[in-house]
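Enquirer: model the following, please.
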Amino acid sequence: MRLSRAAEYAVRCMLYLSIAGKGVLVSRKTVAREMDIPEQFLGKIAQQLARAGTIEIIQGAKGGFRLTVMPVELTLLRVIEAVIGEIFLNDCILRPESCDRSPACKVHVVWENVRNQLRESLRNVTFATLMTEDPVLAPDLISGKPYSLNP
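Expert: Just a heads-up that it's a prediction; the model follows:
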């Protein structure tokens with residue numbers, strides 16, 4: 001299993017917006033530049049994040065993105081699944097009817113356990129935790145100084 005590029009970029013975007021803070025408007029261009037995300041791709045990812053209720057998109061010359069969830073309430077699971085859909089390792093987990101062997105398959109049980117463990121691990125990581133533990137993005141937060149975003 002490999003995380004998609006879109007999910008990786010969504011996490012980067014949300015980390016940047018988390019550092020800015022809930023309700024703070026940040027331009028798409030700034031997020032794209034600071035987080036090394038192609039601007040057009042970021043626009044598509046932002047639409048998925050907005051549909052999931054994690055950001056608000058403000059249109060226009062003075063527009064951008066605004067975080068709508070407190071970083072302490074926003075999990076990696078929510079962001080990743082907003083972009084890639086519900087995580088599952090095999091079709092038989094999401095759609096048991098797709099496999100006649102599901103009820104008796106020993107591997108099915110393994111896939112389901114691994115999926116549940118992965119989802120739980122991602123659910124337990126909030127963006128509040130990530131932004132205070134990221135030495136590249138949040139050096140000032142670690143030292144206790146207020147973080148300033150580049151305009």
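
Enquirer: okay, CA-based contacts and neighbour counts for the rest of this
Expert: Noted.

Enquirer: can you list the helices and strands that the helix or strand hosting residue 77 packs against?
Expert: Assigned by DSSP states H and E, residue 77 belongs to helix 76-84. Using 3 or more Cα pairs under 8 Å, 6 or more residues apart in numbering; DSSP states H and E, the elements in contact with helix 76-84 are helix 5-20, helix 39-51, helix 106-123.

Enquirer: just say which of these is most tucked in.
Expert: Of the helices and strands packed on helix 76-84, the one with the most neighbours on average (mean count of other Cα atoms under 10 Å) is helix 5-20, at a mean of 21.

Enquirer: which one in this structure is furthest away from the centre?
Expert: residue 104 (34.9 Å; Cα atoms, centre = their mean).

Enquirer: in three-state terms, label it for me.
Expert: Under DSSP: H, G, I helix; E, B strand; the rest coil, the three-state class of residue 104 is coil.
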